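Asker: generate a structure from the sequence data that follows.
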Amino acid sequence: MSKAQFIRLMFNDISPKYDLLNDVLSLGTHRLWKKKLIRLSLQDKPVSALDCATGTGDIAFELKKNCPGSVMGIDFSQGMIDQAIERSKRNPHQVEFRVADIEKLPFTDKSFDITTISFGIRNVENLDQGLKELGRVARGVYILEFGRPQNNLFKKLYFGLLKLYVPLFGLVSKRKDAYEYLISSSEAFPSGEEFVSIMKKNMSFKIFGYTPVFGGIAYIYYARNEELL
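Answerer: Purely as a prediction, here's the structure:
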């Protein structure tokens, strides 16, 4: 089974409990991190936005509050899109959701002012191609992703505690492998300057940067052509 097939099946399976599991895993802090990503991405007052790996649509709905134009959420998991569509029926901020693959985005060049992706870029099978597509369809790219804490002691403590949680998530989600994958992928995924170098290789923007979140448990990356306000 390819990485893409594994990821798609995994997220289809956990989609009904995805929001609950995220809250438990991060003790709710993922919501604060996402708000920080949204604030950063909105500094340029975008009219339109594309949220990739949208999950149940939480970031897409928040973007729509501030973007008067088109806001779309895409995910390659049908289960996640089904959950997002159900949420849209109860949300006054209307967002269009569809199934699509980040590696083959069905949009013309610079269709959107900004593209966001939260905790999804490390799941892309061909990272270079995924980054190229994110940069192709938008004038600015904003990425929130797990990484490795910069302090070695904190890093060992964090991943050690995370591994203690896995049996609990296995009981709740019935997919212990999903959260074992979260740990292994976060430990191995490039972060900080290393990830920025990969962005620079695949995106034709002038300005790149990042900021660690909570000591480097996660990072917010950006790529754009104008200085942040």
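Asker: quick one: least confident helix or strand in the protein?
Answerer: When the helices and strands of the chain are compared on mean pLDDT, DSSP states H and E, helix 18-26 comes out lowest with a mean of 60.
Asker: now the element after that helix, going C-ward?
Answerer: helix 29-41 (DSSP states H and E).
Asker: mind listing the helices for this protein?
Answerer: Secondary structure of the chain, counting by DSSP state H: helices at 3-14, 18-26, 29-41, 58-66, 78-88, 127-136, 152-173, 176-188, 193-202.
Asker: what is the fifth one packed up against?
Answerer: Helix 78-88 makes packing contacts with helix 3-14, helix 58-66, strand 71-75, strand 96-99 when contacts are defined by 3 or more Cβ pairs under 8 Å, 6 or more residues apart in numbering; DSSP states H and E. C-beta here means a position set from N, CA and C on the backbone, and glycine is covered the same way.
Asker: where does the prediction get shaky in the chain?
Answerer: By pLDDT under 70, the weakly predicted segments of the chain are 1, 4, 6-7, 9-28, 151, 154-183, 227-229.
Asker: how about the most centrally placed residue in it, nearest residue that isn't a chain neighbour?
Answerer: Nearest to the centroid of the C-alpha atoms of the chain, with distances taken as Cα atoms, centre = their mean, sits residue 118, at 1.6 Å. Spatial nearest neighbour of residue 118, excluding adjacent residues (Cβ to Cβ, 6 or more residues apart in numbering): residue 144 at 4.4 Å.
Asker: tell me the bridge partners for that neighbour.
Answerer: residue 118, residue 220 (DSSP bridges).
Asker: I figured it hits residue 117, correct?
Answerer: Yes: using Cβ atoms under 8 Å, residue 144 is in contact with residue 117, at 7.4 Å.
Asker: these two: which has the busier surroundings?
Answerer: residue 117 (27 against 24; other Cβ atoms under 10 Å).
Asker: what about that one, distance to residue 89?
Answerer: 24 Å (Cβ to Cβ, to the nearest Å).
Asker: how about residue 2?
Answerer: For residue 2 relative to residue 89 (Cβ to Cβ), the value is 33 Å.
Asker: same thing with residue 108?
Answerer: 29 Å.
Asker: same question, residue 125
Answerer: For residue 125 relative to residue 89 (Cβ to Cβ), the value is 32 Å.
Asker: ok, the two, which is more surrounded?
Answerer: residue 125 (15 against 7).
Asker: phi and psi next, for the more buried one.
Answerer: Main-chain dihedrals, residue 125, degrees, to the nearest 10: phi -60, psi -50.
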